[in-house]
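Student: I would like to see how this sequence folds:
(one chain, ligands or ions: 3)
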Amino acid sequence: MSSERIIRGLVTAAYGRRFLVECADGITRDCVTRGKRNDFACGDDVTVAVQNDSQGAINDCAPRKSLLYRSDQWKQKLIAANVTQVVAVVAPVPSFDLNVLDCCLAAAAHAGIDALIVLNKAELPEAAVSEGVLAPFATLGYPLLKLVARDNIGPLRPLLDGKRSVLVGESGMGKSTILNQLLPEAVAQTREVSASLGTGKHTTTHARLYHLDARSELIDTPGVQAFGVHHLGFEDLASAFIEFRPLLGQCRFRDCRHLAEPGCALVAAGAAGTVSARRLASYRRLAEENIRLKRPDWA
Ligand SMILES: Nc1nc2c(ncn2[C@@H]2O[C@H](COP(=O)(O)OP(=O)(O)OP(=O)(O)O)[C@@H](O)[C@H]2O)c(=O)[nH]1
Ligand SMILES: [Mg+2]
Ligand SMILES: [Zn+2]
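Tutor: Ligands and ions are numbered 1, 2, ... in the order given. Have a look, this model is predicted:
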């Protein structure tokens, strides 16, 4: 076998077991993986054994500074690696689910990644209601930006500067529109929401990393219907709701799950109104689901 050339590269797309890797020689190669490992994500720094100018094989992956993923009962789904900012995109039409937003934000908090909420399609009359519903997140410390991505992407651009951001959210919120407005040449497929069918034909199917400039990157991802956080045990889950953090450790029982235990500081804060009853209920729904599925650290 001839001696192979190994070069570094950045994973810019993940298609099941195939990956696009932007290699250090400037060529983007279509890569397979070697051995059993295939858990690479968009944003991973890898080394590639070059086969030719269009193909290679991923050899190895550098340790990740961060990893955003979601998980259900059965498996984990990697979303993006080494990101520094999650941009959670919501829009008044089609409607969005606050529980999904809670989960996106919890997954980001758990991964140690800052999050920003974008309320897109802000020109629609229905946006006023969404704004009211989202206001409490701003109080928690999540920056909240109203945007009309279709018409003016300007207000978002400075918030992406010098960061590797990942767009996450439900389908049809306008993630790919944001990308396309920032990088018209990228032409990510945007979903044309069909009023009659309620289904889109250009929904994003794979995560893809784009360079906005030499210091800023943006990853577009497929819309999610649910953002599972089964990977968070009860301590991690409670601290992933960032406003609960100052209260953790103040419950009567050290192993309090903040459900119905006596002397629970979160229950007390919920009753006093210092913690939102809705967020507490959202936490409980996830906690109860984990108990129902008998995760080992919840048993
Ligand atoms: N009214 C309005 N519509 C918008 C705006 N931004 C995007 N849209 C529309 O919203 C629809 C969905 O946009 P996409 O960008 O494809 O949504 P997405 O979040 O990428 O959807 P998935 O790829 O399925 O996750 C398209 O019809 C866009 O034209 C906006 O600011 N206002
Ligand atoms: Mg899309
Ligand atoms: Zn408690």
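Student: what pairs with the helix or strand where Asn59 lies, parallel or antiparallel?
Tutor: Following DSSP states H and E, one finds Asn59 within strand 55-61. Strand 55-61 sits in its sheet next to strand 28-33 (parallel), strand 45-50 (antiparallel), going by DSSP bridges.
Student: tell me the buried residues in the first one?
Tutor: By neighbour count, with 16 or more other Cβ atoms under 10 Å as the criterion, the buried positions of strand 28-33 are Arg29, Cys31, Thr33. Backbone N, C-alpha and C define where each C-beta goes, glycine included.
Student: and of those, the nearest to ligand 1?
Tutor: Cys31 (24.1 Å; Cβ to the nearest ligand atom).
Student: what's the spacing between that closest one and Val21?
Tutor: 5 Å (Cβ to Cβ, to the nearest Å).
Student: what do the two both touch?
Tutor: Gly9, Val48, Gly56, Ile58 (Cβ atoms under 8 Å, 6 or more residues apart in numbering).
Student: what residues are up against the last one?
Tutor: Looking back up the chat, that one is Ile58. When contacts are taken as Cβ under 8 Å, 6+ apart, Ile58 is in contact with Val11, Phe19, Val21, Cys31, Val32, Thr33, Arg34, Phe40, Val46, Thr47, Val48.
Student: pLDDT and distance to Arg64 added to those, as TSV?
Tutor: Formatted as TSV, those follow (pLDDT from 0 to 100; distance: Cβ to Cβ, whole Å):
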residue	pLDDT	distance to Arg64
Val11	98	11
Phe19	95	15
Val21	97	16
Cys31	97	18
Val32	95	21
Thr33	93	16
Arg34	86	19
Phe40	95	10
Val46	97	11
Thr47	97	14
Val48	97	17
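Student: format the residues you listed as CSV; extra columns: distance to Leu159.
Tutor: Listed next are the contacts of Ile58 as CSV, based on distance: Cβ to Cβ, whole Å:
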residue, distance to Leu159
Val11, 24
Phe19, 28
Val21, 28
Cys31, 32
Val32, 36
Thr33, 34
Arg34, 38
Phe40, 28
Val46, 28
Thr47, 32
Val48, 32
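Student: no more questions from me, cheers.
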